[in-house]
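> coords below, sequence missing:
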């Protein structure tokens with residue numbers, strides 16, 4: 001099936017023949033659905049914090065933050081194409097919907113208006129104005145969301161990347177240091193550095209911190225081979241194999257490279273303005289406080305097991321009640337140790353408001369062990385879709401991660417994924433149909449074998465910008 005040139009291309013990509021053959025088998029066999037037991041809900045897998053608990057947890061986090069290395073990890077490599085989809089349809093195809101009318105009627109309310117204004121005149125047509133947003137001019141249609149101007153502050157404004165820097169100073173400080181890591185695409189790395197060069201000194205002086213900002217790109221070795229509709233390898237016009245980025249699940253490799261004690265994970269487009277950031281800061285610290293409490297108890301139990309003085313019944317109760325893992329009937333002390341010795345993620349989940357996205361569910365493994373997972377609709381069998389529709393909460397991608405063992409060693413996060421939770425999508429290249437394969441999502445299958453604890457957070461902590469008109473929502477407008 002593969003020529004010598006193919007094998008050379010596979011090797012140059014950082015892949016092995018075995019890995020590519022496994023990907024091809026996934027195309028042929030497909031991925032199994034998760035065995036969903038029920039949707040998680042308040043007090044059934046989702047913890048609802050009292051005000052007293054929030055105060056205790058934030059106080060603990062504030063007291064310990066300076067003694068730990070904290071990193072804010074922001075996936076930011078996606079292009080803003082979907083954000084401006086309707087604008088492209090208007091410019092390229094002449095399709096004018098209500099969204100375009102709303103955009104133009106409110107054009108001066110967008111934080112990017114002062115930048116856009118220099119590219120339009122009184123004679124500019126509606127098409128000219130929209131084209132100046134997505135094509136020439138601002139060129140937002142070819143930029144990542146991190147480089148889009150989101151918010152206005154009087155005569156000043158901030159891009160999404162800047163809002164993450166401001167957030168980082170508020171809750172992700174290690175003493176006076178703020179470590180932030182962005183995953184970006186190679187072609188936009190320079191644009192991010194340009195923004196940093198122009199703004200970092202200002203924010204350092206404003207917040208009295210030193211920023212340590214780093215970037216990484218998705219590794220070519222995590223790409224997957226594309227196939228034709230008949231599952232044979234897709235070849236480009238010059239006869240070469242086509243490899244495609246395998247979705248955000250591939251970022252587990254980037255996350256694995258982060259050297260930290262506590263890692264906050266949050267998407268690039270989920271930011272709000274200074275005036276509305278209070279709940280975000282408060283709950284981020286509370287989630288981190290939950291993580292610290294869980295780690296302390298987990299580490300104590302692991303030490304007790306390794307010293308031969310463990311109270312196994314107490315440990316089993318902790319695993320089931322606090323770590324939310326329902327033990328199989330034949331569990332023993334080895335089972336307990338294996339379940340304790342895993343990375344921990346504390347996930348904020350929001351009450352359902354009709355927003356798209358995955359949700360938290362109880363999922364059963366082959367041995368009967370149940371655990372909490374974040375599942376997307378593509379992972380749920382058609383006959384179980386009613387469970388997703390009945391879910392009370394959804395996943396806003398609001399994670400705090402503990403990635404060290406009790407002896408201080410880092411976990412190898414690539415060992416705690418579920419490779420069987422990827423999915424197949426229909427794409428095209430050069431006008432030809434193809435099938436693409438995505439790795440298990442970063443907060444789905446890529447973290448399937450972590451200990452997962454869910455905590456309810458308010459909707460005020462969730463302000464995503466999925467389409468450009470979202471920037472007109474109150475959470476993105478000046479007060």
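Yep, it's here. Computed from a predicted structure; not experimentally measured.
> wait, what's in contact with residue 253?
Neighbour list for residue 253: 218, 219, 221, 222, 414 [criterion: Cβ atoms under 8 Å, 6 or more residues apart in numbering]. Yep, even glycine has a C-beta here, placed from its N, CA and C like the rest.
> scratch that, residue 199 is what I was asking about
162, 165.
> Flag every buried residue along the helix or strand harbouring residue 178.
Assessed by DSSP states H and E, residue 178 sits inside strand 177-183. Across strand 177-183, burial judged by 16 or more other Cβ atoms under 10 Å covers 178, 179, 180, 181, 182, 183.
> Please name the bridge partners of the first one.
Per DSSP bridges, residues listed as beta-bridge partners of residue 178: residue 173, residue 211.
> Looks like it contacts residue 209 (just checking).
Yes - using Cβ atoms under 8 Å, residue 178 is in contact with residue 209, at 4.9 Å.
> where do the contact lists of those two overlap?
Counting by Cβ under 8 Å, 6+ apart, the shared contacts of residue 178 and residue 209 are residue 169.
> Can you give me the pLDDT of residue 419?
Per-residue pLDDT puts residue 419 at 87.
> Just to check, it is in contact with residue 444?
No - assessed by Cβ under 8 Å, residue 419 is found out of contact with residue 444, at 12.0 Å.
> Between those two, which is the more surrounded one?
Comparing residue 419 with residue 444 by other Cβ atoms under 10 Å, the one with more neighbours is residue 444, at 26 against 14.
> For the more buried one, give me its contacts.
Residues in contact with residue 444 (Cβ under 8 Å, 6+ apart) are 249, 358, 373, 374, 375, 376, 379, 421.
> between those, which is nearest residue 264?
Comparing the contacts of residue 444 against residue 264 with Cβ to Cβ places residue 374 closest, at 16.4 Å.
> which SS class is the closest one?
What DSSP: H, G, I helix; E, B strand; the rest coil gives for residue 374 is strand.
> Show me the beta-bridge partners of it.
Under the criterion DSSP bridges, residue 374 forms beta bridges with residue 360.
> Residue 460 - how many residues pack around it?
The number of residues packed near residue 460 is 16, by other Cβ under 10 Å.
> typo on my end, residue 292
Neighbours of residue 292 under the rule other Cβ under 10 Å: 21.
> So it belongs to a strand, correct?
No - Residue 292: not assigned to a strand; according to three-state DSSP it is helix.
> Contact partners for it?
Residues counted as contacts of residue 292 (Cβ under 8 Å, 6+ apart) are 60, 61, 64, 262.
> just to revisit the earlier point, state the mean pLDDT of the next helix or strand after the strand holding residue 178.
Next helix or strand after strand 177-183 toward the C-terminus (DSSP H and E): helix 189-207. Taken as a whole, helix 189-207 has an average pLDDT of 97.
> got it, and stretch 14-34?
Mean pLDDT, computed over stretch 14-34, is 93.
> what does stretch 131-147 give?
Per-residue scores along stretch 131-147 average to 94.
> Low-confidence bits of the stretch 51-200 of the chain, can you list those?
By pLDDT under 70, the stretch 51-200 of the chain contains no weakly predicted segment.
> Could I get the contacting residues of residue 283?
For residue 283, the contact set (Cβ under 8 Å, 6+ apart) comprises 54, 348, 398, 457, 458, 461.
> What's the local residue count around the first one?
In other words, residue 54. The burial count for residue 54: 18, using other Cβ under 10 Å.
> now it, nearest residue through space, not along the chain?
Spatially, and ignoring its direct neighbours in sequence, residue 54 is nearest to residue 286 (4.7 Å; Cβ to Cβ, 6 or more residues apart in numbering).
> That neighbour: neighbour count?
Per other Cβ under 10 Å, the neighbour tally for residue 286 reads 26.
> list the buried ones in the helix or strand hosting it?
Assigned by DSSP H and E, residue 286 belongs to helix 278-307. Residues of helix 278-307 classed as buried: 280, 282-295, 297-299, 301-302, 305 (neighbour count, 16+ other Cβ under 10 Å).
> Please apply the same query to stretch 427-436.
For stretch 427-436, the neighbour count (16+ other Cβ under 10 Å) marks 434, 435, 436 as buried.
> Please name the bridge partners of the closest residue to the second one other than its chain neighbours.
This means residue 435. The spatial neighbour of residue 435 that comes closest, neighbours along the chain excluded (Cβ to Cβ, 6+ apart), is residue 227 at 4.9 Å. Counting by DSSP bridges, residue 227 forms beta bridges with residue 233, residue 435.
> surely residue 227 meets residue 243?
No - if you go by Cβ under 8 Å, residue 227 and residue 243 don't touch, sitting 11.2 Å apart.
> what do the two both touch?
Jointly contacting residue 227 and residue 243 under the rule Cβ under 8 Å, 6+ apart is no residue at all.
> got the residue ranges for the helices in the protein?
Shown for the chain, the helices assigned by DSSP state H span residues 4-12, 17-29, 51-64, 85-93, 98-105, 113-116, 126-134, 160-171, 189-207, 252-256, 278-307, 312-321, 333-340, 385-389.
> looking at those helices, which is buried most?
Counting by mean count of other Cβ atoms under 10 Å, helix 160-171 has the highest mean neighbour count of the helices of the chain, with a mean of 23.
> what's the angle between it and strand 177-183?
Between helix 160-171 and strand 177-183, the angle comes out at 140 degrees (axes from the mean of the first three to the mean of the last three Cα atoms, to 10 degrees).
> Give me the domain ranges for this protein.
By the record's domain assignment, the chain is partitioned as 4-77+153-476, 85-143 (automatic domain parsing).
> what's the first-to-last distance across the first one?
The reference is to domain 4-77+153-476. End-to-end span of domain 4-77+153-476 (Cα to Cα, to the nearest Å): 54 Å.
> Pull the distance from that domain to the chain's centre.
5 Å (Cα atoms, centre = their mean, to the nearest Å).
> now do the last one
In terms of Cα atoms, centre = their mean, the centre of domain 85-143 is set 29 Å apart from its chain centre.
> Straight-line length of that domain, end to end?
Terminal-residue distance, domain 85-143 (Cα to Cα): 13 Å.
> Same check on stretch 388-407?
End-to-end distance (Cα to Cα), stretch 388-407: 39 Å.
> Give the rounded mean pLDDT of it.
In this model, stretch 388-407 has a mean pLDDT of 93.
> Stretch 227-246 too?
93.
> ok, residue 430 - contacts?
236, 237.
> How much space separates it from residue 242?
9 Å (Cβ to Cβ, to the nearest Å).
> re the thing from before, closest to residue 165 out of the buried residues of stretch 427-436?
Nearest to residue 165 out of the buried residues of stretch 427-436 is residue 436 (Cβ to Cβ; 33.5 Å).
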